[in-house]
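Asks: Need a 3D model of the following:
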Amino acid sequence: MAEKSTTEMKATLGLTGLTMNAMALIAPGAFLWLTFVAQAGEGSTAPAMWIGILFATALCLATAVCYAELAKLYPGTGSSYYFAEQSFLNHDKHWRYARLSKFIVGWASHLYYWIYPGVMVAVTGIFCGYVVGTLWPNAMNASNPGTLFMMVVAVVFAIGVSYIAHRGVTGSTAVSVAINVIQISALIVFAVMAIGYRINHPPGSVAFQFDPVSGEAYTYQFATTQTTANGQTTETITRDANMVPQPMLDAAGKPVPYTISYPTADDKGNFLSHPSARSVVGVHNVGWMFVQATVAILILVGFESVTAMGGEAKNAKRDVPIAVITSLLVQGCFCYLFEYFAANYFLNSGYTMQTATGSAAPIGDMMIVVGNALFGQGNGRTFMLIEAVTVFLALIGTTLSCINTGARVTYAMGKDQEVPEHFGMLHDKNLSPHRAIWALAIISCVIGCIALLVVFGDAGAASLNDAAIAALPHGLWSSVWFATSQARLAALPNTLTMIVLASNFGTFLLYMLSCIICMVAYQGHPNFSAVKHLLVPVFGVLANFVCMAFYIIGPFIGYGTKMEPFGAIGIALVWAIYGGIYFTRASKATGRTTFVVSRAGRGA
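Replies: As a prediction, this is how the structure comes out:
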């Protein structure tokens, strides 16, 4: 196979292609399904889920403006990495720091770009486990899928999507266009149905309650029996041989209908549902908002991905800035705020936030409920499976887009010999950075498997008890590596959340640095604007910094546990230390100086 390090990427993308590539990474159909459970698992902060997303959206909009403004000045491949070099190199006073700044930004960006695909392949494993458990409940539990099964899915998915990326950006764009149309349409259908369900089921009316064991919703109250174990008496739902919950019967022997309500919290203070639409969009608590924002950033990143494709854009200076802002406005401001409002407004006594916390896919559960209500008992599962197909397509598009973006940043650093030179080579036929793509594929497999080790650890164990764990289907794919008791699960960090927070920490760091770069680039520039090049970037820096700081502050003031955020910070510190060592050794080996000695020669 011939390889050329001097081959340039071909300019094939117009405004539509660029926008669709960014929109594919900010995939509402996929992230509503997959991230809702992570946000629900943030304990007492769950009521502020919607406002947390709004704050994260404002943060991202400020950062998006900075990216758009930088793309106007420096169209090219490499996104923030490229912008960092050019903004310093073209500055009259700070040009000597060009190499150091671009390496810091490039290395920091890999904390996001190399972990993020691993998160996506991990959640794909969870998604597939949920679907398999729904179709074959005797082989897999939908709410708690088997660890080994999810890992195998993650590895196969990472390799498959990387192959699509290897084939080139033109094919990737065609996939992204189709996926965006399908997922947005499916999103609107579900959101409208969820809001309609709430409106048409006032308190006291007959409605559905969801049973996570059978994965179905029923309009009757469940019969229970009392059991005593270790001196404790608990009520358990009476089930038949197929695990279907049996109805409570009235004096006439008829099933007692289930009547819906919208309680705010249970007797322990755990949040259950929103009593009104105003509660959904309320702040509730500023601290809760910040906690939710630290998770919500995962669903909003991606608008900057098109700035890594400047080398493949037909008119980069005009189209890339438009694509950056448009993708975030459509997917973030409209789709996410609409769908998260619908999902939170739907919550009720038959499906509470606590139920969502214990499920691998709360949105799938909600789809079963609203599907049964609209199409008739038993048809909700069919509706959910149809929607699940669109989610899987969205997962392909999202993972494909972030692999394309991450690989191109690594490619840009490889061309500059800031990482091993072979990463800066393009495939002779496809003109894709194939070495970087396949390296990222392997990294995604490893990170994905680590994220899936303890998916239901820490707060996720609250919805399980020892009896529920013992009742899980036993087999190689369904129970291997799953903890045998609730106490063991609760003592372990939720590895998925920890990996998500590590990726998000990298995102906050990258976005903060990008806002600083924008201020440097436009300092003394003829087109300087106080709003776009000072006020907006300053807000972006402060907002990103506050969210980063909450990783440390939050646990000490009672928001969440320490294990996941501290684990994420530990990953970031290890990466930073390794980056410093690598930079020092590589500089000595190549004879390059830390500071640029010539603006023309860039460095050595």
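Asks: Just the mean pLDDT for stretch 217-234, thanks.
Replies: Stretch 217-234 carries an average pLDDT of 80.
Asks: Do me a favour and get the end-to-end distance for that stretch?
Replies: In stretch 217-234, first residue to last residue: 23 Å (C-alpha to C-alpha, to the nearest Å).
Asks: Can you report phi and psi for Gln226?
Replies: Main-chain torsions, Gln226, degrees, to the nearest 10: phi -90, psi 130.
Asks: typo on my end, it should be Val500
Replies: Torsion angles, degrees, to the nearest 10, at Val500: phi -60, psi -50.
Asks: and if you look at the one 10 residues further on?
Replies: Main-chain torsions, Leu510, degrees, to the nearest 10: phi -60, psi -50.
Asks: which one is it nearest to, not counting chain neighbours?
Replies: Leaving aside its sequence neighbours, Leu510 sits nearest to Ser109 (C-beta to C-beta, 6 or more residues apart in numbering; 4.8 Å). The way it works is simple: take the backbone N, C-alpha and C, and place the C-beta from them, glycine included.
Asks: In PDB, list the C-alpha atoms belonging to stretch 567-584.
Replies: What follows is stretch 567-584, C-alpha atoms only, in PDB (Å, rounded to 0.1, in the frame of the first residue of the first chain):
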ATOM      1  CA  GLY A 567     -11.000   9.600  38.700                       C
ATOM      2  CA  ALA A 568     -11.500  11.900  35.700                       C
ATOM      3  CA  ILE A 569      -9.100  14.500  37.000                       C
ATOM      4  CA  GLY A 570      -6.600  11.700  37.700                       C
ATOM      5  CA  ILE A 571      -6.800  10.600  34.000                       C
ATOM      6  CA  ALA A 572      -6.300  14.200  32.900                       C
ATOM      7  CA  LEU A 573      -3.200  14.700  35.200                       C
ATOM      8  CA  VAL A 574      -1.600  11.500  33.900                       C
ATOM      9  CA  TRP A 575      -2.200  12.700  30.400                       C
ATOM     10  CA  ALA A 576      -0.700  16.100  31.100                       C
ATOM     11  CA  ILE A 577       2.400  14.700  32.800                       C
ATOM     12  CA  TYR A 578       3.000  12.200  30.000                       C
ATOM     13  CA  GLY A 579       2.500  15.100  27.500                       C
ATOM     14  CA  GLY A 580       5.200  17.200  29.300                       C
ATOM     15  CA  ILE A 581       7.600  14.200  29.200                       C
ATOM     16  CA  TYR A 582       6.900  13.400  25.600                       C
ATOM     17  CA  PHE A 583       7.300  17.000  24.500                       C
ATOM     18  CA  THR A 584      10.700  17.400  26.300                       C
END
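Asks: now that stretch: mean pLDDT?
Replies: The model assigns stretch 567-584 a mean pLDDT of 91.
Asks: Next: stretch 185-197.
Replies: Averaged over stretch 185-197, pLDDT sits at 90.
Asks: Look up how far Ile115 lies from the residue nearest to Leu510.
Replies: Distance, Ser109 to Ile115, using C-beta to C-beta, to the nearest Å: 11 Å.
Asks: can you tell me how far the most far-flung residue of the chain relative to its centre sits from Val574?
Replies: Within the chain, the residue lying farthest from the chain centre (C-alpha atoms, centre = their mean) is Ala252, at 50.5 Å. Look at Ala252 and Val574: by C-beta to C-beta, they are 66 Å apart.
Asks: Work out the gap between the helix or strand encompassing Cys402 and the centre of the chain.
Replies: Element membership of Cys402, judged by DSSP states H and E, is helix 380-415. Helix 380-415 sits 11 Å away from the centroid of its parent chain (C-alpha atoms, centre = their mean, to the nearest Å).
Asks: ok, now stretch 363-373?
Replies: Per C-alpha atoms, centre = their mean, the centroid offset for stretch 363-373 relative to its chain is 22 Å.
Asks: List the buried residues for it?
Replies: Ile363, Gly364, Asp365, Met366, Met367, Ile368, Val369, Val370, Gly371, Asn372, Ala373 (16 or more other C-beta atoms under 10 Å).
Asks: Could you dump these into CSV with pLDDT, distance to Leu347 and secondary structure added?
Replies: Output for the buried residues of stretch 363-373, formatted as CSV (pLDDT from 0 to 100; distance: C-beta to C-beta, whole Å; DSSP: H, G, I helix; E, B strand; the rest coil):
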residue, pLDDT, distance to Leu347, secondary structure
Ile363, 90, 12, helix
Gly364, 89, 15, helix
Asp365, 92, 11, helix
Met366, 94, 9, helix
Met367, 93, 14, helix
Ile368, 94, 15, helix
Val369, 95, 11, helix
Val370, 96, 12, helix
Gly371, 95, 17, helix
Asn372, 95, 17, helix
Ala373, 94, 15, helix
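Asks: Go through the residues you listed and say which is closest to Met519.
Replies: Comparing those against Met519 with C-beta to C-beta places Ile363 closest, at 39.4 Å.
Asks: Tell me which stretches of this protein form strands.
Replies: 3-4, 209-211, 216-218, 224-229, 232-237, 426-427 (DSSP state E).
Asks: Got the confidence number for the residue nearest to Leu510?
Replies: pLDDT at Ser109 comes out at 85.
Asks: ok, how many other residues are close to it?
Replies: Using other C-beta atoms under 10 Å, Ser109 is surrounded by 29 other residues.
Asks: I'd guessed Pro493 sits against Gly570; true?
Replies: No: counting by C-beta atoms under 8 Å, Pro493 does not reach Gly570; the two are 10.8 Å apart.
Asks: Quick one: residues contacting Phe508.
Replies: Thr294, Ile297, Asn544, Phe545, Cys547, Met548 (C-beta atoms under 8 Å, 6 or more residues apart in numbering).
Asks: Of all pairs in these, which one is the farthest apart?
Replies: Ile297 and Phe545 (13.1 Å).
Asks: re earlier: more crowded one of Pro493 and Gly570?
Replies: Using other C-beta under 10 Å as the criterion, Pro493 and Gly570 rank with Pro493 on top: 19 against 12.
Asks: show me what contacts the nearest residue to that one once chain neighbours are set aside?
Replies: By the measure of C-beta to C-beta, 6+ apart, the closest residue to Pro493 outside its immediate chain neighbours is Met563, 3.7 Å from it. Residues in contact with Met563 (C-beta under 8 Å, 6+ apart) are Asp458, Leu492, Pro493, Asn494, Met498.
Asks: Quick check: the farthest pair among the residues you listed?
Replies: Leu492 and Met498 (10.2 Å).
Asks: More neighbours: which of those two?
Replies: Met498 (24 against 17).
Asks: Quick check: that one touching Gly567?
Replies: Yes: the criterion here is C-beta under 8 Å, and Met498 meets it with Gly567 at 4.3 Å.
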